[in-house]
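J.: Generate coordinates for the sequence data below:
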Amino acid sequence: MRLRTQLLLYLLVSVTPSNASLFARGPERLLRGVSSAHRRAVERSAALAKDLRRALSGVLVEQAVSDTAVQHVYCISGTSLTGNGSSSSDGSDSGGGSGSSPAKGSGTATASGSSPSSTSTSSSPWKLKQAYQGNSFFDGWSFFTASDPTDGTVEYVGQSTAASNNLTSINSAGHAIMRVDTTPKVSGNRMSVRITTNYNYTGALVVLDAVHMPTGCGTWPAFWSNGPNWPAGGEIDIVEGVNTYTNNQATIHTNPGCTIPSNSSSVLDITGTVVGPTNCAAAQTDNQGCGIRSNSNISYGPGFNQIGGGVYAMQWDDNGVSVWFFPRSDIPSDITDGSPDSSGWGTPMANWPATGCNPSTYFYQHSAIFDTTLCGQWAGNVWSDTGAPGQSESCASITGTSSCSEYVQNNGAAFADAYWEVGSVKIYQTS
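T.: Predicted coordinates:
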């Protein structure tokens, strides 16, 4: 900079001696004088003008910065919904979740995911801790391979088996695919995928961007958050349903003592509808927990898939636990920009306030989980039922098969639509 300043002085004095005094007149007049000098230099000599431009470049940049009230420089990576994230994986055929649940099962994490290289901008209280997306989506997840705790007609397979059977892949859009096996007939259980994040969290904002979810008679897909020593660590079901259902159900399962203050949507300030008890204790409600069903028929299953999916966000903080759903065409820009702020999201689909269920008591050390089971304690048990949104006709009637397991074993082609297509999963925390 010293060399440039000396050259600037020389050129100003050489070309326009009368303008050299402008250094004492302030930055605006200096720039006007500089501009005048430059014009005269151009008139006199192209070579001299070139030297002048080189000398002035640093001064002009510094002056522009000093004229700006506040300057922020951000190095942002991995904050868009479809950018790149990173974490680690052992790539083996073993592993599982970080907790156990009679509802959805157990396992042990085998590796820890790595943190992304950046956090969200200062306008958001949430900082990005993990981003699972793109070609590295499956890094940082463990593949669960134990027997299905929900007694489903399903065999969860490890990472290499899933890949070799085309049950997992990354498509041309950079989205993660998790499928159910479509072999025409199987003699026992049908292969599927269940994965658990190695990263765990206590308090978080978990954002799922999904394009497609499994649907059809016999299916029971879920995206959920689970703690250790179930139900002591708590369970938060973010996306869940069965068979031909069209409306998502979000549910919490806890130790005794957790309740919601009312079954009234207006009291809870939610757009959904309470289904089941207000007592969330798994042991005291035959594992029903506190369920809240969306009133939107595009929040789950065929309707969700037809609109290209959308975003689910689960916020767990000192005020309680809440879940929002945003269709593809209505995703808030702060989520897309990687600086999520729920204060502008409006009324959540589901909310379990801290007044009756202190999150610091009933939830801790969670991992996020995807799975698609078949039949089992929910999809199998309501095989012949009607009445739920989307199931005006029972699956027994639709398929002409009296048994869910029999249908799953003998109709592989029926599960062509039983797949997850996921753009990203992002986990934010406040510190």
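J.: Please identify the pairing partners of the strand of greatest length in the chain and their relative orientation?
T.: Assignment by DSSP state E gives strand 419-429 as the longest strand of the chain. Sheet partners assigned to strand 419-429 using DSSP bridges are listed as strand 127-133 (antiparallel), strand 176-179 (antiparallel), strand 204-212 (antiparallel).
J.: so how far is it from its chain's centroid?
T.: 4 Å (Cα atoms, centre = their mean, to the nearest Å).
J.: that older thread, distance to Val408, mean neighbour count and mean pLDDT added to the strands paired with strand 419-429, as CSV?
T.: Where C-beta positions appear, they are placed from N, C-alpha and C, glycine not excepted. Shown next, in CSV, are the strands paired with strand 419-429 (distance: least, Cβ to Cβ, whole Å; neighbours: other Cβ atoms under 10 Å; pLDDT from 0 to 100):
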stretch, distance to Val408, mean neighbour count, mean pLDDT
strand 127-133, 29, 24, 98
strand 176-179, 14, 23, 98
strand 204-212, 20, 23, 98
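J.: Serialize those strands to a markdown table and add fields for distance to Thr399.
T.: Formatted as a markdown table, these follow (distance: least, Cβ to Cβ, whole Å):
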| stretch | distance to Thr399 |
| --- | --- |
| strand 127-133 | 35 |
| strand 176-179 | 20 |
| strand 204-212 | 22 |
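J.: which SS state does Ser397 fall under?
T.: helix (DSSP: H, G, I helix; E, B strand; the rest coil).
J.: Now do the contacts for it.
T.: Ser397 makes contact with Ser384, according to Cβ atoms under 8 Å, 6 or more residues apart in numbering.
J.: Next one: it from Gln409, what distance?
T.: Using Cβ to Cβ, to the nearest Å, we find Ser397 at a distance of 19 Å from Gln409.
J.: With Asn189 instead?
T.: As judged by Cβ to Cβ, Asn189 and Gln409 stand 8 Å apart.
J.: Between the two, which contacts overlap?
T.: By Cβ under 8 Å, 6+ apart, Asn189 and Gln409 have these common neighbours: Thr153.
J.: in this protein, what spans have low per-residue confidence?
T.: Confidence mapping of the chain against pLDDT under 70 gives the ranges 1-122.
J.: Quickly list the domain ranges of it.
T.: Segmentation of the chain into domains, based on automatic domain parsing, reads 2-66, 127-429.
J.: how far out from the middle of the chain is the longest one?
T.: The offset between the C-alpha centroid of domain 127-429 and the centroid of the whole chain comes to 12 Å, using Cα atoms, centre = their mean.
J.: ok so, going back, return the most buried member of the domains of the chain.
T.: By mean neighbour count, with neighbours taken as mean count of other Cβ atoms under 10 Å, domain 127-429 ranks first of those at a mean of 20.
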